[in-house]
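Visitor: Would you be able to build a 3D model of this:
(2 chains)
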Amino acid sequence: SQKIEQNSEALNIQEGKTATLTCNYTNYSPAYLQWYRQDPGRGPVFLLLIRENEKEKRKERLKVTFDTTLKQSLFHITASQPADSATYLCALLNAGNMLTFGGGTRLMVKP
Amino acid sequence: GAVVSQHPSRVICKSGTSVKIECRSLDFQATTMFWYRQFPKQSLMLMATSNEGSKATYEQGVEKDKFLINHASLTLSTLTVTSAHPEDSSFYICSASGRAPGQFFGPGTRLTVL
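Guide: All right, here's what the predicted structure looks like:
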């Protein structure tokens, strides 16, 4: 069965450092991969979408890599700030726009 | 771009009443809309998928007579929780997708049934 794993339940880092979140998947061949941010009591906010034939995508302080051989995506936040503290969700998207979510990683950036 | 709104953001109702939640895509045409529910500290659980003008497809275990979904236009879908009970209290989130790949989520609706 399809399985998506995100690294550790919580990740604590110091302000200014780079946060790296991992998403591994098995038994799946996604057409796209999306990363979302979710704050408590709010719906997920779209951050980045990367296609299966793209290796890397950047948006401001965010960078996503997608390795379909390793079946892994890495999500980086550079120069992290306390305001980046949230839960980050990895989601695999098939060609029909159906999403499968990972369990999420809670990031805490300490000042 | 790709903004999705939901209304209301919070609703409290008495047991046995029905509640309607609206989901709108504000700047794109949503050919498909999705409804999720989320319990505290858990991941989003897909309830149903609806295509404009068609009947919704419900996930296993979701009662279609309890959770009525209407997707009458390319910018609006509604979820009606009929005869709500306390166990229906949850966080309901809609998402929408159009021609481009990706799902875009609304801010969610917190339903509390007393």
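
Visitor: drop to CA atoms for contacts and neighbour counts, all remaining ones
Guide: Noted.

Visitor: Check whether stretch A:10-22 comes near chain B.
Guide: No - using CA under 8 Å from any CA of the partner chain, we find that stretch A:10-22 stays clear of chain B, coming within 12.3 Å at best.

Visitor: Buried residues, stretch B:73-87. List them.
Guide: Buried residues in stretch B:73-87, counted by 16 or more other CA atoms under 10 Å in any protein chain shown: B:74, B:75, B:76, B:77, B:78, B:79, B:80, B:81, B:82, B:84, B:85.

Visitor: Look at it and report the distance between its end residues.
Guide: Stretch B:73-87 has its terminal residues 30 Å apart, counting by CA to CA, to the nearest Å.

Visitor: Helix, strand or coil: sort out the residue of chain A found nearest chain B for me.
Guide: At 4.3 Å from chain B, residue A:43 is the closest residue in chain A, using CA to the nearest CA. Assigned with DSSP: H, G, I helix; E, B strand; the rest coil, residue A:43 falls in the coil class.

Visitor: mind listing the strands for chain A?
Guide: Using DSSP state E, the strands of chain A run over residues A:3-6, A:10-14, A:19-26, A:32-38, A:45-51, A:56-59, A:62-67, A:72-77, A:86-93, A:99-101, A:105-110.

Visitor: same for the third one, what does it pack against?
Guide: If you count contacts as 3 or more CA pairs under 8 Å, 6 or more residues apart in numbering or on different chains; DSSP states H and E, strand A:19-26 packs onto strand A:3-6, strand A:72-77.

Visitor: Highest average neighbour count across these: which stretch is it?
Guide: Each of those was scored by mean neighbour count; the highest is strand A:72-77, a mean of 20, by mean count of other CA atoms under 10 Å in any protein chain shown.

Visitor: From the chain's centroid, how far away is that strand?
Guide: Mean-position distance between strand A:72-77 and its chain equals 6 Å (CA atoms, centre = their mean, to the nearest Å).

Visitor: Could you check the angle it makes with strand A:45-51?
Guide: Counting by axes from the mean of the first three to the mean of the last three CA atoms, to 10 degrees, strand A:72-77 lies at 140 degrees to strand A:45-51.
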